[in-house]
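Undergrad: build me a structure from this.
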Amino acid sequence: MTTPVTRGRHNRKKQTRRRRLPMRYLLPFLLLVALLAMLMLRGYVHSEILADHRIQPPAATDKVPQQVLEGGPVIDARSATEPAKTLRIPDHRIVLTFDDGPDPVWTPRVLDKLKEYDAHAVFFVTGTMASRYPELVKRMVDEGHEVGLHTFNHPDLSYQSDARIDWELSQNQLVLAGAAGIRTSLFRPPYSSFADAMDDKSWPVTQYIGSHGYLTVVNNTDSEDWKRPGVRTIIKNATPKYGKGAIVLMHDSGGDRSQSVAALDRFLPRMQDEGYEFANLTTALGAPSAHTPVTGLALWKGKAFVHAVAVSEHITDVMAAGLAVIGVLVISRFGLMLLLSFAHARRVRKRDFSWGEPVTRPVTVLVPAYNERECIANTVRSLVASDYPVEVIVIDDGSTDGTADIVEAMWLPNVRVVRQRNAGKPAALNNGIAHARHDIIVMMDGDTVFEPATVRELVQPFADPRVGAVAGNAKVGNRDSMIGAWQHIEYVMGFNLDRRMYDLLRCMPTIPGAVGAFRRGALDRIGGMSEDTLAEDTDVTMALHRDGWRVVYAENARAWTEAPETVQQLWSQRYRWSYGTMQAIWKHRRAVVERGPSGRFGRVGLPFVALFMVVAPLLAPLIDVFLLYGLVFGPTQKTVVAWLGVLAVQAVCAAYAFRLDRERMTHLISLPLQQILYRQLMYVVLLQSWITALTGGRLRWQKLRRTGVVEAPGSMPSRRRGSSNDRRPVA
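TA: You can find the predicted model right below:
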């Protein structure tokens, strides 16, 4: 019977779990959303989102007022009650205008020339460029130049709705507020030219923009510098005739503007010598300044937007650098794996290769088991069928499903059951070691089955007295599902490429719990199986390296294990593995500064393991992020080719691993889907492990549901309880 106090304590625990558990999922989700938001913002300010590059062909002019077609280059359509009027620049005054900037290369040079000759100009900036280079906009204003709007994304506004026009203007003003703290009343439509080029498509846009309080500024003198016709031609085109005033169109962005800058160096002093003044538009017209200071919320919104753009630019730069780094790491790792796995296979497959005198003395096989009733019978039968003398000890870790009773009821020779209260796998293994009668100890999981030759192959390396542990070849037995097939590819590559490489480099990171063997004396020297981490197999392997023992790989010591069959089970397993590996790396960090074998592992093995098992997989998602970015924003073709190139490299490595393991290549058909779907899950699991580690979270052992469908190839199927539609064992 529960008391109110007990219920209260239980409710508080449930509330604590509800508060803390979602953070493991919320933080990765928020990071992903923030990253996507930054990429979207970058795509927006680089005209990769909402960009419209259509240009309206010439149209009729019958709806355009005659005074506009024949008037000056400044169109004032702000009055709702009076007809539009135009303004001309007074004689001997030139209003230089620069479109499409600011540009980080050419705009500073233009500003330098204007400052050198004490001239002023009007810069019609686009929001995309101004948001990326706000410091140049501020310099324009600080040095006395005027700034006008040239829209945000530079579309032909005659194609756009009123809402889109409003958006283009407001976003452009937002950037000016953030960059220089001003608003402007000057506007120049993209793709505009002279006033007499106004037509029935562009005139309604001019009226609409005028109703919002803007002066529309076109030009009456086009330098045509965008054609890059040469400095002399640019000067000739920009020179007004007969002392007339002019609004001169030039560009400070959009390509190579070296001719424009060179032309200014000659044009400015020449025209000043002829009595011309280079003034702002409002100064030339004798009107109030076009700039209005922005304060309050509008100012802070502008600054926030500009800062967000800066962050997005830096993030993509960092991502690009990270992509370059991960590209080098991935290619280097694949190349190293292929080279060293080839060398390892060639060495151990030589006819004269031997570890020494054949090992024939009996060994002890430890089987820690917790609620393994579905699998334990197959596991024990596979051990009894071994062609090598074994003592089998099943350590029942407080099972509640009768696991120990099933083993005892089998009445198999050389099989013992040791019962203990539930204390975890490391404690069960240590208990088994204490009961073991032999000096070589084989460890396996309760859901794994051995082939008859597995134990014999596994223990032969102990003929070398330097060998302290041996890693076997774990294989996925239930590969008939998609998740199982993906794990099958992962296991084959991991055991036939990674472990061969680590063997030659003498920094094997993990003796797999499914199939591994240890020298009892080596375990005694390091204190047995540690309970400090959730990856006791990785922990004990690193401890053996630090103690000076060799850890090697036995390719023919095959064990068949039941891999998780659902996403939730796979998540739980890999989350524990990732977190436990991080714990083990952190636990053995002092090896980096130690001497002897520990120092060698700390300065060679530990960084290698950390780089390729923890850091590189965390950066690897950049490949897929840039794939999505390239598919959406371009260049699509190059992006797809690059991604397929990475996939091809992985396919070559996988095919070689399958060849080494004598596996059928048909399973590699699912490799592209593995890269698209399965790998993303592994990324999120690793990220969640990082977050748990950095936030000081704790992770508990989680029991996976087993079905007992895995049996060793060639073994006789055992009779199993269950309905007639039970899944068939995988051979």
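Undergrad: touching, Ser386 and Val455? I think so.
TA: Yes - Ser386 is within contact range of Val455, at 4.9 Å (criterion: C-beta atoms under 8 Å). Heads up, the C-betas are built off the backbone N, CA and C, glycines and all.
Undergrad: more neighbours: those two, which one.
TA: Higher neighbour count among Ser386 and Val455: Val455, with 27 against 20, using other C-beta atoms under 10 Å.
Undergrad: the helix or strand hosting the more buried one packs against which elements?
TA: Assigned by DSSP states H and E, Val455 falls within helix 454-459. If you count contacts as 3 or more C-beta pairs under 8 Å, 6 or more residues apart in numbering; DSSP states H and E, helix 454-459 packs onto strand 363-369, strand 440-443, strand 467-476, strand 516-519, strand 550-561.
Undergrad: and the third one, what does it pack onto?
TA: To tie it back to what came earlier, the one meant is strand 467-476. Using 3+ C-beta pairs under 8 Å, 6+ apart as the test, strand 467-476 ends up in contact with helix 454-459, helix 482-493, strand 516-519, helix 536-546, strand 550-561.
Undergrad: indicate which one of these is closest to Ile235.
TA: helix 482-493 (66.3 Å; C-beta to C-beta).
Undergrad: following that closest one in sequence, what is the next regular element?
TA: Using DSSP H and E, the helix or strand that follows helix 482-493 in sequence is helix 499-505.
Undergrad: show residues contacting that next one.
TA: Contact partners of helix 499-505, identified using C-beta atoms under 8 Å, 6 or more residues apart in numbering, comprise 336-337, 340-341, 343-345, 471, 508-509, 551-553, 555, 604-605, 608, 660.
Undergrad: mind doing that once more with 10 Å?
TA: With contact meaning C-beta atoms under 10 Å, 6 or more residues apart in numbering, helix 499-505 is reached by 333, 336-345, 347-348, 471-474, 507-512, 541, 550-555, 604-605, 608-609, 612, 657, 660.
Undergrad: ok, now stretch 667-674?
TA: Outside stretch 667-674, the residues that touch it by C-beta under 10 Å, 6+ apart are 476, 479, 482-490, 492-493, 643-644, 647, 650-651, 654-655, 657-658, 677-679, 682.
Undergrad: how much space separates Gly682 from Tyr491?
TA: If you look again at residue 682, you'll see it is Met, not Gly. Counting by C-beta to C-beta, to the nearest Å, the separation of Met682 from Tyr491 is 13 Å.
Undergrad: just Arg421 next, same as before
TA: Separation of Arg421 from Tyr491 (C-beta to C-beta) stands at 33 Å.
Undergrad: neighbour count for the two, which is higher?
TA: In this view Arg421 and Tyr491 are compared by other C-beta under 10 Å, and Tyr491 has more residues nearby, 22 against 7.
Undergrad: that one: what's it in contact with?
TA: 473-476, 479, 512, 514, 561, 563, 657, 661, 663.
Undergrad: compute the inter-axis angle for the top helix by length along the chain and helix 482-493.
TA: Counting residues, the longest helix found in the chain (DSSP state H) is helix 296-348. Between the axes of helix 296-348 and helix 482-493, defined by axes from the mean of the first three to the mean of the last three C-alpha atoms, to 10 degrees, the angle is 60 degrees.
Undergrad: can you map out the strands along the stretch 601-731 of the chain?
TA: Assigned by DSSP state E, counting those that start in this stretch, the stretch 601-731 of the chain shows no strands.
Undergrad: swap in the stretch 1-150 of the chain?
TA: Along the stretch 1-150 of the chain, counting by DSSP E, counting those that start in this stretch, strands occupy 74-76, 85-87, 93-99, 121-125, 146-149.
Undergrad: residue ranges with poor pLDDT in this protein?
TA: Applying pLDDT under 70 to the chain picks out residues 1-28, 48, 50, 617-622, 632-636, 693-731.
Undergrad: hmm, 50 instead?
TA: 1, 5, 14, 16-22, 701, 716-731 (pLDDT under 50).
Undergrad: buried ones in stretch 444-464?
TA: Burial within stretch 444-464, assessed by neighbour count using 16 or more other C-beta atoms under 10 Å, is assigned to 444-451, 454-462.
Undergrad: on the three-state scheme, Ala563 is what?
TA: coil (DSSP: H, G, I helix; E, B strand; the rest coil).
Undergrad: list the contacts of the residue in the chain sticking out farthest from the centre.
TA: Here the chain reaches farthest from its C-alpha mean at Tyr242, the gap being 62.5 Å by C-alpha atoms, centre = their mean. With contact set as C-beta under 10 Å, 6+ apart, Tyr242 has these partners: Asp91.
Undergrad: that one should be in a helix, yeah?
TA: No - using three-state DSSP, the assignment for Tyr242 is coil, not a helix.
Undergrad: do I have it right that Leu215 meets Pro189?
TA: No - with contact defined as C-beta atoms under 10 Å, Leu215 does not count as touching Pro189 (12.0 Å).
Undergrad: and for the two, which residues touch both?
TA: Both Leu215 and Pro189 are contacted by Ile209, under the criterion C-beta under 10 Å, 6+ apart.
Undergrad: got a list of what the residue lying closest to Ile623 once chain neighbours are set aside touches?
TA: Leaving aside its sequence neighbours, Ile623 sits nearest to Val646 (C-beta to C-beta, 6 or more residues apart in numbering; 6.0 Å). Contact analysis of Val646 by C-beta under 10 Å, 6+ apart lists 326-327, 330-331, 334, 620, 623-624, 627, 675.
Undergrad: just the buried ones from those residues?
TA: Counted by 16+ other C-beta under 10 Å, these give 326-327, 330, 334, 620, 623-624, 627, 675 as buried.
Undergrad: out of those residues, who's nearest His545?
TA: Nearest to His545, judged by C-beta to C-beta, of those is Phe334 at 24.3 Å.
Undergrad: isn't that closest one up against Ala616?
TA: No - with contacts counted by C-beta under 10 Å, Phe334 stays clear of Ala616, the gap being 11.4 Å.
Undergrad: picking up where we left off before, anything in contact with each of Ser386 and Val455?
TA: Counting by C-beta under 10 Å, 6+ apart, the contacts common to Ser386 and Val455 are 363, 365, 442.
Undergrad: switch the residues you listed over to CSV; also include distance to Leu570 and neighbour count.
TA: Formatted as CSV, the shared contacts of Ser386 and Val455 follow (distance: C-beta to C-beta, whole Å; neighbours: other C-beta atoms under 10 Å):
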residue, distance to Leu570, neighbour count
Val363, 32, 24
Val365, 27, 29
Val442, 27, 30
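Undergrad: any chance of CSV for those, columns distance to Ile247?
TA: Listed next are the shared contacts of Ser386 and Val455 as CSV, based on distance: C-beta to C-beta, whole Å:
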residue, distance to Ile247
Val363, 93
Val365, 91
Val442, 89
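Undergrad: nearest to Gly144 among the residues you listed?
TA: Val442 (83.9 Å).
Undergrad: now the closest one: how far from Ala37?
TA: According to C-beta to C-beta, Val442 stands 52 Å off from Ala37.
Undergrad: residues in contact with the helix holding Val455?
TA: Contacts for helix 454-459 (C-beta under 10 Å, 6+ apart): 355, 358-363, 365, 382-383, 386-390, 440-442, 444, 448, 450-451, 467, 470-473, 515-517, 519, 554-560, 712.
Undergrad: pull out the buried residues from those.
TA: 355, 359, 363, 365, 382-383, 386, 388, 390, 440-442, 444, 448, 450-451, 467, 470-473, 515-517, 519, 554-555, 557-560, 712.
Undergrad: buried stuff in stretch 477-492?
TA: 477-479, 483-492.
Undergrad: could I get it in PDB with only the CA atoms?
TA: Backbone C-alpha positions of stretch 477-492 (Å, rounded to 0.1, in the frame of the first residue of the first chain) are rendered in PDB as follows:
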ATOM      1  CA  GLY A 477      22.400 -12.600 -37.800                       C
ATOM      2  CA  ASN A 478      19.100 -10.900 -38.300                       C
ATOM      3  CA  ARG A 479      19.900  -9.000 -41.500                       C
ATOM      4  CA  ASP A 480      16.600  -9.700 -43.300                       C
ATOM      5  CA  SER A 481      15.200  -6.300 -42.300                       C
ATOM      6  CA  MET A 482      16.300  -3.000 -43.700                       C
ATOM      7  CA  ILE A 483      17.700  -1.900 -40.300                       C
ATOM      8  CA  GLY A 484      19.400  -5.200 -40.000                       C
ATOM      9  CA  ALA A 485      20.900  -4.900 -43.500                       C
ATOM     10  CA  TRP A 486      22.300  -1.500 -42.700                       C
ATOM     11  CA  GLN A 487      23.900  -2.700 -39.500                       C
ATOM     12  CA  HIS A 488      25.300  -5.700 -41.400                       C
ATOM     13  CA  ILE A 489      27.100  -3.300 -43.700                       C
ATOM     14  CA  GLU A 490      28.300  -1.300 -40.700                       C
ATOM     15  CA  TYR A 491      29.600  -4.400 -38.900                       C
ATOM     16  CA  VAL A 492      31.300  -5.900 -41.900                       C
END
